[in-house]
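Q: below: sequence and its predicted model.
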Amino acid sequence: MTDLVIQEEKIIERILTLELVRVTERAAVAAARLRGRGDEKAADQAAVDAMRRELNRLPIEGTVVIGEGERDEAPMLFIGEKIGAGNGPKVDIAVDPLEGTTLCAKNMPGSIAVMSMARAGSLLNAPDCYMEKIAIGPGYPKGVVDLDMSPEENVHALAKAKGVKPGEITVLILDRPRHAGLIEGCRKAGAAVQFITDGDVAGIIFTADPQKTGIDMYMGVGGAPEGVLAAGALRCVGGQMQGRLILDTAESRDRAFKMGITDPKKKYDMMELASGDVIVCATGVTDGALLKGVRFGKDHVETETIIYRSVTGTVRRIFAEHREMEKFRLD
């Protein structure tokens, strides 16, 4: 490792503590001001604008390699956008400024502001599309579950590896019509199915601690940015994950090819989605199982943030009281 690389690693480590916390804190607070207003796009735009402003203050040469917006025509930190002050290490950035826009708009549990950063070339560079995903927690043989296996096969394989009956397995799935066959397969195998309406970053993380969450496995199709973000977090807390981009149109395949994806049916493991020293940072917007939401006091704002770092396996929780209220209003 060269002196330059060592220096960059130290800079990244410093940036990805309090500096990244500030990024997701600002995005979460901006979105939280619009909780329950029924306007998903306005909340998303507020989070995007706040996240972009804070990222551009960091001493990095960042590139958004996977972001949101193209699929839903939402405001976005667009793929390929250059971020940062331009006077530091080159890094990849994956963002979801407001995961759970509907949750925020309806003031329902589980909405978060989340992003990830790693050395350039570490995060999957892919178009904004959907991704087929499967994830389990730590302690199992490699390859015990697989995207190419049926839901029934995955449930039975995980139950065997865990030493329990299939009826003791709980699978978390996004409540979407597209998952009807998946749900039927899991139930046919004897597993219980638990639904979430949005928020599969947190959903995948839940598999890492089934004793607390009750979740053994995550399956389903969701956004590709969330897949990359979840893979980075899962690397810190343990587990396995696979993802496969859904490139079902000529346009999406062409966009993917321009980003270097030559095999549209490629199955990515966790390290291929997020390799190297990955940091994932998330701040709660609304209260949820993973994080508490933003709280507005008379003279301060309270936030809760969680930071995952893959190289050390460190998970930090930061509870903050912000008394510089004008910065949250004006920045």
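A: It's in.
Q: contacts only, for residue 55.
A: Neighbour list for residue 55: 23, 62, 77, 83-84, 93 [criterion: C-beta atoms under 8 Å, 6 or more residues apart in numbering]. C-betas here are computed from N, CA, C, even on glycine.
Q: look up phi and psi at it.
A: Dihedral angles of residue 55 (phi, psi; degrees, to the nearest 10) stand at phi -60, psi -40.
Q: against residue 145, how distant is the most centrally placed residue in the chain?
A: Against the mean C-alpha coordinate of the chain, by C-alpha atoms, centre = their mean, the closest residue is residue 229 at 3.2 Å. Per C-beta to C-beta, to the nearest Å, residue 229 is found 20 Å from residue 145.
Q: ok so, going back, model confidence score at the residue nearest to the centre of the chain, please.
A: Predicted confidence (pLDDT) for residue 229: 93.
Q: now residue 324
A: 69.
Q: so who does the residue nearest to the centre of the chain touch?
A: Listed by C-beta under 8 Å, 6+ apart, the contact set of residue 229 reads 94, 96, 114-116, 201, 280.
Q: name the element it belongs to?
A: helix 224-237 (DSSP states H and E).
Q: residue 109 and residue 161, how far apart?
A: Applying C-beta to C-beta to residue 109 and residue 161 gives a distance of 31 Å.
Q: between those two, which is the more surrounded one?
A: Neighbour comparison, residue 109 and residue 161: the larger count goes to residue 109, with 19 against 14 (by other C-beta atoms under 10 Å).
Q: what's the more buried one in contact with, if anything?
A: Taking C-beta under 8 Å, 6+ apart, we find residue 109 in contact with 103, 286-289.
Q: check whether the nearest residue to it once chain neighbours are set aside sits in a helix, strand or coil.
A: Of all residues not flanking residue 109 in the chain, residue 288 sits nearest, at 4.5 Å (C-beta to C-beta, 6 or more residues apart in numbering). At residue 288 the chain is in coil, as set by DSSP: H, G, I helix; E, B strand; the rest coil.
Q: what sits against residue 288?
A: For residue 288, the contacting residues are 109-112, 199, 202, by C-beta under 8 Å, 6+ apart.
Q: circling back: lowest-confidence entry in the contacts of residue 55?
A: The weakest per-residue confidence within the contacts of residue 55 falls on residue 77 (85).
Q: just checking, it touches residue 62?
A: No - applying C-beta atoms under 8 Å as the test, residue 77 and residue 62 come out as separate, 10.0 Å apart.
Q: all strands for the stretch 51-200 of the chain, in order.
A: 61-66, 82-83, 90-99, 112-119, 130-136, 170-174, 192-196 (DSSP state E, counting those that start in this stretch).
Q: tell me which of the ones you listed approaches residue 255 most closely.
A: strand 61-66 (12.0 Å; C-beta to C-beta).
Q: who does that closest one touch, helix- and strand-wise?
A: With contacts taken as 3 or more C-beta pairs under 8 Å, 6 or more residues apart in numbering; DSSP states H and E, strand 61-66 sits against strand 82-83, strand 90-99, helix 224-237.
Q: residues in contact with the shortest one?
A: Just to be clear, that refers to strand 82-83. By C-beta under 8 Å, 6+ apart, strand 82-83 touches 52, 55-56, 58, 60-64, 77, 93.
Q: check which residues of stretch 42-53 are buried.
A: 42-52 (16 or more other C-beta atoms under 10 Å).
Q: pLDDT of stretch 210-223, averaged?
A: Here the average pLDDT along stretch 210-223 is 95.
Q: quote the end-to-end distance of it.
A: Terminal residues of stretch 210-223 lie 23 Å apart, using C-alpha to C-alpha, to the nearest Å.
Q: make a markdown table out of the strands of the stretch 51-200 of the chain and add mean neighbour count.
A: Below are these laid out as a markdown table (neighbours: other C-beta atoms under 10 Å):
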| stretch | mean neighbour count |
| --- | --- |
| strand 61-66 | 22 |
| strand 82-83 | 16 |
| strand 90-99 | 28 |
| strand 112-119 | 29 |
| strand 130-136 | 25 |
| strand 170-174 | 23 |
| strand 192-196 | 17 |
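Q: closest one to residue 259 among those strands?
A: If you check each of the strands of the stretch 51-200 of the chain against residue 259 by C-beta to C-beta, strand 61-66 wins as the nearest, at 8.4 Å.
Q: quick revisit: make a PyMOL selection of the buried ones in the contacts of residue 109.
A: Selecting the buried subset of the contacts of residue 109 in PyMOL, with 16+ other C-beta under 10 Å as the burial test, is done by:
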select buried, resi 103+286+287+288
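Q: so which of the contacts of residue 109 comes closest to residue 135?
A: Nearest to residue 135 among these: residue 289, at 16.1 Å, using C-beta to C-beta.
Q: coming back round to it: let me know the closest of the contacts of residue 288 to residue 246.
A: residue 199 (19.2 Å).
Q: okay, now that closest one: neighbour count?
A: Using other C-beta under 10 Å: residue 199 sits among 28 other residues.
Q: how about residue 270?
A: Residues near residue 270, counting by other C-beta under 10 Å, number 20.
Q: next: the one 5 residues further on.
A: Applying other C-beta under 10 Å, we find 20 residues neighbouring residue 275.
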